[in-house]
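> please work out how this folds:
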Amino acid sequence: MENELKEYLDKLNLFVPIVNRVHGKEHPEFNRVHSLYNDLVKKLEAGEKLEEIFAKLREVTNNYEVPSDTCESYEAVYHMLAKLDQHFTK
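Here you go, the predicted model:
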């Protein structure tokens, strides 16, 4: 699972800023996702608890529901965040 988590984080580090740039105007909630993801990385690196961040992400994303007018990268971001959420908030 650790390799999978590192792979998700590596991909999210690439995808989140791009998806925000592409979809941020039409989907302002993703601006919040971007900010929360940055907070998540900082807390993860510091060894802090992540439950509060994931609770906020679930709220902002409507439980990681992908908008119908977005791209596969947007969907991938939500999928990976949901998987991380499941792992860290079991």
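> ok, which stretches of the chain are helices?
Under the criterion DSSP state H, the chain contains helices at 2-23, 29-46, 51-60, 72-88.
> out of those, the one nearest V66 is which?
helix 72-88 (4.6 Å; CB to CB). Every C-beta, even on glycine, is put in place using the N, C-alpha and C of the backbone.
> need the residue closest to the centroid of this structure.
L81 (4.1 Å; CA atoms, centre = their mean).
> so where is this protein shaky, pLDDT-wise?
1 (pLDDT under 70).
> what is the neighbour count of F54?
For F54, the tally of surrounding residues (other CB atoms under 10 Å) stands at 20.
> start the count at 647 instead of 1 going forward.
OK, 647 is where the count begins now, so the last one is F700.
> still on that earlier bit, what's the spacing between the residue nearest to the centre of the chain and Y654?
Applying CB to CB, to the nearest Å, the value for L727 to Y654 is 8 Å.
> could you do P713 as well?
Applying CB to CB to P713 and Y654 gives a distance of 21 Å.
> comparing these two, which residue is more hemmed in?
More crowded of P713 and Y654, by other CB under 10 Å: Y654, with 19 against 15.
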